[in-house]
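Fold the following and give me the result.
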Amino acid sequence: MRVLEERLKDNEGEIKLVPENLEDLWHLKYIIEPNDIVFALTKRISESSDKLRSDKEKVTVRLGIRVEKVEFHRFANRLRITGVIVAGVEDSGYHTINITVGKELSIIKKWKEEQLRRIKEAEDAARRAEIVIVTIEEGEASIGVVRQWGVEEVEVIRQSYGKDKGSYRREFFGDVASAIARMDFRYLVVAGPGFAKEDFMRFLKEKNPEMAEKAIVVDTSSIGTRGFIEVLKRGVLNRIAGELRIAEEAKYLDVLLERIAKGSGVAYGLEEVREAVSYSAVETLLVADEFLREEREKWDIDSLMREVERGGGKVVIMSTEFEPGKRLMSLGGIAALLRFDYK
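Residues are numbered from 1 along each chain as shown. Next up is the predicted model:
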């Protein structure tokens, strides 16, 4: 997320920003609410056009609408915002603004702390490498960072094997892992020909499981620049964020269901979770995004999340675009993994 301008007084006012990836659009779905004012460039039929003609002329105008509905079209990579026109070439009627990656918009509203924090986190994420690609084969690895314009190769590691191939190989894998660990990134693609990439992943799972959780393995016929291009052409980057989010959320759901089955270490449903928070017993709070959107005002879910974080707990907002989030929604939309049983 790129914030262009912020004019706030007591958390009320305008923030002008540009979503830079699909995840930013997903964030905006849960930031923009009914009665917010949103300004953006959009297409409207020219008032001078003959309404009976099929070739009506559309012109680009900057409109402001008072929001009534927000829809995230994940597969179309866009956010649809519908509402009543309040400013622009017309001051009445309804209009839908389509927000895509790279399109500037302004949001005017009374901002909640959680929403400002979400924008700050998305802005911070944009400053670090979203995806790192390591292409690897026996004795050579090339590490690249995905930029807006392509993949920038940042380091090449080479090592020839001596008599003890096993120890040299682990030393080589260790050097590659150390180089990756020095970088700040969200996702990792491990690619290349042969079996070295699978062996390197096994090494990561043993030596650096946290890094391994961010990674997926991809087959390519080459390493280096040609390998990076293969990864891009196969559309891996378009699906990696979704796949890894599903995997992370699925793990939380597995733990939740396991604890529900055992009848300990868990609270689910709003009343049980509220009670657990009052005892400072919550280690991880799981909230379905649809539940947050629908119930946040009625039950002041924001205060509940802040209370968990003040107590050293973690808050995870799970997307109901995916199965784990849907399952959480069927359990009441909110649940907590506990540090201890308080009953």
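
do you know how far residue 268 is from residue 102?
39 Å (Cβ to Cβ, to the nearest Å). C-beta here means a position set from N, CA and C on the backbone, and glycine is covered the same way.

These two: which is more packed in?
residue 268 (20 against 12; other Cβ atoms under 10 Å).

Low-confidence stretches in the stretch 151-300 of the chain?
161-166, 237-245, 296-297 (pLDDT under 70).

Please, where are all the helices along the chain?
22-29, 113-127, 165-181, 196-207, 209-212, 224-233, 236-262, 270-278, 289-299, 301-310, 323-330 (DSSP state H).

mind checking which of those is nearest residue 4?
helix 113-127 (10.8 Å; Cβ to Cβ).

Residues contacting that closest one, please?
For helix 113-127, contacts defined as Cβ atoms under 8 Å, 6 or more residues apart in numbering pick out 1-3, 11, 15, 17, 20-21, 23-24, 27, 30-31, 186, 302, 305-306.

Kindly recompute the last result at 10 Å.
Helix 113-127 is touched from outside by 1-3, 6, 8, 11, 15, 17-21, 23-24, 26-28, 30-33, 107, 109, 111-112, 184, 186, 292, 296, 301-303, 305-306, 309, 315, 317, with contacts defined as Cβ atoms under 10 Å, 6 or more residues apart in numbering.

Extract the residue ranges of the stretch 1-150 of the chain that are flagged as low pLDDT.
22, 45-57, 73-77, 89-91, 125-129, 147-150.

picking up where we left off before, narrow the contacts of helix 113-127 to just the buried residues.
1, 15, 17-21, 23-24, 26-28, 30-33, 107, 109, 111-112, 292, 296, 301-302, 305-306, 317 (16 or more other Cβ atoms under 10 Å).

Return the residues in contact with residue 320.
By Cβ under 10 Å, 6+ apart, the neighbours of residue 320 are 288, 289, 290, 291, 292, 293, 326, 327, 328, 329, 333.

cutoff 8 Å now
288, 289, 290, 326, 328, 329.

same question, residue 314
Contacts of residue 314 by Cβ under 8 Å, 6+ apart are 283, 284, 285, 308.

May I have the beta-bridge partners of it?
residue 284 (DSSP bridges).

gap between it and residue 308?
8 Å.

Find residues that contact each of those two.
Residues touching both residue 314 and residue 308 by Cβ under 8 Å, 6+ apart: residue 285.

possible to save the contacts of residue 314 as a markdown table with distance to residue 159 and neighbour count?
A markdown table is the format used below for these (distance: Cβ to Cβ, whole Å; neighbours: other Cβ atoms under 10 Å):
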| residue | distance to residue 159 | neighbour count |
| --- | --- | --- |
| 283 | 42 | 16 |
| 284 | 40 | 17 |
| 285 | 45 | 25 |
| 308 | 46 | 22 |
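
Let me know the closest of the residues you listed to residue 156.
Of these, the one sitting nearest to residue 156 (Cβ to Cβ) turns out to be residue 284, at 39.6 Å.

which residues sit in contact with that closest one?
Counted by Cβ under 8 Å, 6+ apart, residue 284 has contacts 252, 313, 314, 315, 316, 336, 337.
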